[in-house]
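1. Generate coordinates for the sequence data below:
(2 chains)
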Amino acid sequence: RKEVEQDPGPFNVPEGATVAFNCTYSNSASQSFFWYRQDCRKEPKLLMSVYSSGNEDGRFTAQLNRASQYISLLIRDSKLSDSATYLCVVTDAGNNRKLIWGLGTSLAVNP
Amino acid sequence: DAGVTQSPTHLIKTRGQQVTLRCSPKSGHDTVSWYQQALGQGPQFIFQYYEEEERQRGNFPDRFSGHQFPNYSSELNVNALLLGDSALYLCASSLSAQETQYFGPGTRLLVL
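-> This is a model prediction of the structure:
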């Protein structure tokens, strides 16, 4: 089993749609979780950290389910500019400075 | 406040050659991590430098080496290049006590 798994997609949604991504991780001792966004041929940029209580930033909501070992990202009212690859990131259980990355989920928002 | 910078932006090498990539961390950051991202893949952790020492290393051969300087900037060296080393090489910086990593624009390496 991969350490961090994501559905690669692509997800094709119309503008205004709500879309959700899930990500599962294998090590129950992992402590920190993030969603990064990566545009084509650009570097990853931090979208949001994921906290146990869940957190929201505008149209984006991230949730963590430790019991089932997955994190989710919900995007409401999708915009064309949301088209990108969304990468799930988990810190290594034994070393919080080492990031373990999923392969990313590709999202295309269509007019 | 300058963010993370990397040089060069693009590089073409041939098999067997050696390459050095450079990274300057975000102002105030003291930890530098290097990642390799092949096309269609997520970034793979190469190693991390803190206080001029390699603190953590991923599953990369010894051909991949690095260095951190007193000003916290860092270099990634790859010897005996292989075709499979073609990738985007990303540098990320962070504060030692925090986990949030900020990425530079990357160096795109092509090995022919």
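
2. how far out from the middle of the chain is the helix or strand of chain B at the bottom of the mean pLDDT ranking?
-> Scoring the helices and strands of chain B by mean pLDDT, DSSP states H and E places strand B:53-57 at the bottom, with a mean of 89. Taking CA atoms, centre = their mean, to the nearest Å, one finds strand B:53-57 lying 12 Å from the centre of the chain it belongs to.

3. Run me through the strand neighbours of that strand, direction for each.
-> strand B:44-50 (antiparallel) (DSSP bridges).

4. low-confidence ranges in chain B?
-> Scanning chain B for pLDDT under 70 picks out B:1, B:97-99.

5. Near chain A, which residues of it? Just list them.
-> B:31, B:33, B:35, B:40-45, B:48, B:50, B:55-56, B:58, B:90, B:94, B:99-106 (CB under 8 Å from any CB of the partner chain). Using the backbone N, CA and C atoms, a C-beta is placed for each residue, glycine as well.

6. residue contacts, residue B:29?
-> Counting by CB atoms under 8 Å, 6 or more residues apart in numbering or on different chains, residue B:29 makes contact with B:72, B:93, B:94, B:95, B:102.

7. quick revisit: so after the least confident helix or strand of chain B, what's the next helix or strand?
-> strand B:64-68 (DSSP states H and E).

8. Quick check: which element contains the most centrally placed residue in chain B?
-> By CA atoms, centre = their mean, chain B has its centre lying nearest to residue B:34, at 3.3 Å. Using DSSP H and E, residue B:34 maps to strand B:31-37.

9. Now do that strand: which elements does it pack against?
-> strand A:95-101, strand B:44-50, strand B:74-78, strand B:87-94 (3 or more CB pairs under 8 Å, 6 or more residues apart in numbering or on different chains; DSSP states H and E).

10. got the CA coordinates for that strand in CSV?
-> C-alpha atoms of strand B:31-37 as CSV (Å, rounded to 0.1, in the frame of the first residue of the first chain):
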residue,chain,number,x,y,z
THR,B,31,15.9,24.5,6.7
VAL,B,32,16.1,23.5,3.0
SER,B,33,14.6,20.4,1.5
TRP,B,34,15.1,19.1,-2.0
TYR,B,35,12.6,17.1,-4.0
GLN,B,36,12.5,15.5,-7.4
GLN,B,37,9.3,15.5,-9.4
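
11. Figure out how far it is from the centre of its chain.
-> Between the centre of strand B:31-37 and the centre of its chain there are 4 Å (CA atoms, centre = their mean).

12. Can you tell me what sits against that strand?
-> The contact list for strand B:31-37 (CB under 8 Å, 6+ apart) reads A:97-99, A:101, B:23, B:25, B:43-50, B:60, B:66, B:68, B:72-74, B:76, B:85, B:87-96, B:101, B:106.

13. does residue B:107 really touch residue B:85, like I thought?
-> No - no contact is recorded between residue B:107 and residue B:85 when judged using CB atoms under 8 Å, the distance being 11.8 Å.

14. Find residues that contact each of those two.
-> Shared contacts of residue B:107 and residue B:85, defined by CB under 8 Å, 6+ apart, are absent.

15. Identify the residues contacting residue B:48.
-> Counted by CB under 8 Å, 6+ apart, residue B:48 has contacts A:97, A:98, B:31, B:32, B:33, B:34, B:54, B:55, B:56, B:57.
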